[in-house]
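Trainee: Here's a sequence, model it:
(chains A and B)
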There are 2 protein chains.
Amino acid sequence: MIHIPRLCVIGVGLIGGSLALALRRAGIVDEIVGCGRSEANLRRALELGVVDRYQTDAATAVAGADVVVLGVPLGNVRAVLMTIRDALDPGTIVTDVGSAKWCVIEDVEAVFDRMPAGFVPGHPVAGTEKSGVEAASADLFQNRRTILTPLAQTDPQAVRTVTALWEFAGAEVIAMSAEHHDRMLAATSHLPHLLAFGLVDTLARWDGDEDLFQYAAGGFRDFTRIASSDPIMWRDICLGNRKALLDALQHYREELGVLTELVRQLDAQGLERVFRNAKDVRDRYRSSLER
Amino acid sequence: MIHIPRLCVIGVGLIGGSLALALRRAGIVDEIVGCGRSEANLRRALELGVVDRYQTDAATAVAGADVVVLGVPLGNVRAVLMTIRDALDPGTIVTDVGSAKWCVIEDVEAVFDRMPAGFVPGHPVAGTEKSGVEAASADLFQNRRTILTPLAQTDPQAVRTVTALWEFAGAEVIAMSAEHHDRMLAATSHLPHLLAFGLVDTLARWDGDEDLFQYAAGGFRDFTRIASSDPIMWRDICLGNRKALLDALQHYREELGVLTELVRQLDAQGLERVFRNAKDVRDRYRSSLER
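Mentor: Numbers count the residues shown, from 1 in each chain, chains lettered A, B, ... in the order given. Here you go, the predicted model:
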């Protein structure tokens, strides 16, 4: 059993807010302190019952907290860590929800000189194109996975606490190296988002066809849904995970070069081979993708 | 009011089968004759009540038909036209459902020497990754658009009949030039399909990561759904509409080159500008996309 007298959530948006709601419902938290730069957002979080009280100063917010969750965009992690560094109690467990993990580890090491034993890097893989505390839901992590990427020096007890916390929120928790996480997520999440943003931007600027999107069918709607995601958050993810993303992007651009040649040369057999392989793989993994 | 004593559907798959079901439900057809190469599929169509009877020979199937619908993949249109050319009654209206329109017009002109007045090129924009008569539904065209691309010599009465037919099936019908259609569909349908097939193929071959897809979230699932589409059908569409597709593909590859440089140079502002523009456009058109 796990019991958290005081949880502090810095960045009460979709992820931080949903985690707060889920843990409150699970009954394992006594008090939830919200923190963020926008007081209007924090007031809304209070109204929605997501937090019990709030602070706009992060150093004040983390004082006396047993667990601190960083729910801010990747680009703000380092500044928040700088603010809370000297205010954290020695035993406080800190975890984050960033979609890229090496850049968070680098930020932590830069601010604390070395990785503190009580910091557990984490990533709930629960994407949606929505954002903000208004979209928060206690069910967001149900049947989703949270990936933790502890280092050798991470305290096993801290990992157990953060694992339990996500399990109480409904997620299945797995651990892997930050490198493996970043590579996998670059391929299945960061690259697709970049591609979708890029496609909508391309079409919008192609020739200003006002009615271009009017006749688009369901496939286009699904394909471009992730282009409605938060631009700031995804800018930070793409830059934070740039090494793995650039690698994935290079493979993809090579593939598009091959596909272009297949179409240009009317290579029906070659084109069908690629399409069939893709369909076979997609169909094979459909059960895990659509669970 | 419209009344079709005998409708012949060549290619009783998702689209042809759904149209048959919708028109039967609308009560405007007396008899539906199915035709195709696979007798097993035709028997299934008969069992499902999609057709009243069937023929495996297209020339026999079209004899005495008032309206003939070509529901075959684009790559088979010319061969089917060759088969039925001399068997069509003089007054028979012929229409197709191909996702690219210039290549169909070229096929018709090649087989008939010139575009017959009774041929109305058409395209129901009702995509789904499913295929086959088993997936056919009388509701497939509800709230969808069907685009007709008649030429100057097309008989207005034939256009009216085909328009009425699609309206009875639940679709909104619009007319435009074949060039405009092909360009719009290349951008919003054919390119996205090529990109999705290409992404899944790339990831599957990247390094054989067995668990790559296991941790993919909802965004990836939606983004790659169209990669489960029929490889043969999409091979034919990409080749049939290759001119417009290659043009769209070139624009997109240039965009990916720009995005690669933005990430490589850590250009946060430039990346955010692209993402924000894409989100704004996607959000603006969301209402029409998600209707």
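Trainee: From here on, just use CA atoms for contacts and neighbour counts.
Mentor: Will do.
Trainee: Verify the stated contact: residue A:16 with residue A:10.
Mentor: Yes - between residue A:16 and residue A:10 a contact is recorded at 7.5 Å, counting by Cα atoms under 8 Å.
Trainee: now stretch A:191-207: how far from the chain's centre is it?
Mentor: Offset of stretch A:191-207 from its chain centre (Cα atoms, centre = their mean, to the nearest Å): 21 Å.
Trainee: One more: stretch A:182-190?
Mentor: A distance of 11 Å separates the centroid of the chain from that of stretch A:182-190, by Cα atoms, centre = their mean.
Trainee: Could you do stretch A:227-240 as well?
Mentor: Distance, stretch centre to chain centre, for stretch A:227-240: 10 Å (Cα atoms, centre = their mean).
Trainee: still on that earlier bit, and residue A:16 and residue A:10? which has more neighbours close in?
Mentor: Between residue A:16 and residue A:10, counting by other Cα atoms under 10 Å in any protein chain shown, residue A:10 is the more crowded of the two (28 against 25).
Trainee: Contacts made by stretch A:17-35 with the rest, please.
Mentor: Under the contact criterion Cα atoms under 8 Å, 6 or more residues apart in numbering or on different chains, stretch A:17-35 has outside partners A:2-12, A:42, A:45, A:49-58, A:61, A:133, A:136-141, A:165, A:168-170.
Trainee: Only the buried members of those: can you turn that into a ChimeraX selection?
Mentor: Applying 16 or more other Cα atoms under 10 Å in any protein chain shown to these, the buried members can be selected in ChimeraX as follows:
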select /A:4,6,7,8,9,10,11,12,42,45,50,51,53,54,55,58,61,133,136,137,138,139,140,141,165,168,169,170
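Trainee: Which residues are in contact with each of residue A:16 and residue A:10?
Mentor: Common neighbours of residue A:16 and residue A:10 are listed as A:69-71 (criterion: Cα under 8 Å, 6+ apart).
Trainee: Give me the residue ranges of the stretch 151-291 of chain A where confidence is low.
Mentor: A:207-210, A:286-291 (pLDDT under 70).
Trainee: Do a quick rundown of the strands in it.
Mentor: Shown for the stretch 151-291 of chain A, the strands assigned by DSSP state E, counting those that start in this stretch span residues A:172-175.
Trainee: where do the helices sit along it?
Mentor: Along the stretch 151-291 of chain A, the segments classed as helices by DSSP state H, counting those that start in this stretch run A:156-168, A:178-185, A:191-206, A:218-224, A:231-240, A:242-264, A:268-284, A:286-289.
Trainee: Buried residues of the third one, list them for me.
Mentor: When burial is assessed from 16+ other Cα under 10 Å, helix A:191-206 yields the following buried residues: A:191-204.
Trainee: Now do that helix against helix A:242-264: the angle between them, please.
Mentor: Here the directions of helix A:191-206 and helix A:242-264 differ by 60 degrees (axes from the mean of the first three to the mean of the last three Cα atoms, to 10 degrees).
Trainee: Tabulate the CA atom coordinates of helix A:191-206 in PDB.
Mentor: The C-alpha trace of helix A:191-206 is given here as PDB (Å, rounded to 0.1, in the frame of the first residue of the first chain):
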ATOM      1  CA  LEU A 191       8.200  11.500 -35.900                       C
ATOM      2  CA  PRO A 192       4.500  11.000 -36.600                       C
ATOM      3  CA  HIS A 193       3.600  14.300 -35.000                       C
ATOM      4  CA  LEU A 194       6.300  16.100 -37.000                       C
ATOM      5  CA  LEU A 195       5.000  14.500 -40.200                       C
ATOM      6  CA  ALA A 196       1.400  15.500 -39.400                       C
ATOM      7  CA  PHE A 197       2.200  19.100 -38.600                       C
ATOM      8  CA  GLY A 198       4.400  19.200 -41.700                       C
ATOM      9  CA  LEU A 199       1.600  17.800 -43.900                       C
ATOM     10  CA  VAL A 200      -1.100  20.300 -42.800                       C
ATOM     11  CA  ASP A 201       1.400  23.100 -43.100                       C
ATOM     12  CA  THR A 202       2.400  22.000 -46.600                       C
ATOM     13  CA  LEU A 203      -1.100  21.700 -47.800                       C
ATOM     14  CA  ALA A 204      -2.100  25.100 -46.300                       C
ATOM     15  CA  ARG A 205       0.700  26.800 -48.100                       C
ATOM     16  CA  TRP A 206       0.700  24.700 -51.300                       C
END
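Trainee: wait, does that helix contact chain B?
Mentor: Yes - contact of helix A:191-206 with chain B (Cα under 8 Å from any Cα of the partner chain) involves A:192, A:195, A:197-204, A:206.
Trainee: mind putting those residues in JSON lines, distance to residue B:182 included?
Mentor: Output for those, formatted as JSON lines (distance: Cα to Cα, whole Å):
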{"residue": "A:192", "distance to residue B:182": "25"}
{"residue": "A:195", "distance to residue B:182": "22"}
{"residue": "A:197", "distance to residue B:182": "23"}
{"residue": "A:198", "distance to residue B:182": "21"}
{"residue": "A:199", "distance to residue B:182": "18"}
{"residue": "A:200", "distance to residue B:182": "18"}
{"residue": "A:201", "distance to residue B:182": "20"}
{"residue": "A:202", "distance to residue B:182": "17"}
{"residue": "A:203", "distance to residue B:182": "14"}
{"residue": "A:204", "distance to residue B:182": "17"}
{"residue": "A:206", "distance to residue B:182": "15"}
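Trainee: just to revisit the earlier point, can you tell me which of the shared contacts of residue A:16 and residue A:10 are in strands?
Mentor: The strands, defined by DSSP state E, take in A:69-70 from the shared contacts of residue A:16 and residue A:10.
Trainee: ranking the shared contacts of residue A:16 and residue A:10 by neighbours, who comes first?
Mentor: The most crowded member of these, judged by other Cα under 10 Å, is residue A:70 (26 neighbours).
Trainee: All good on my end, thank you.
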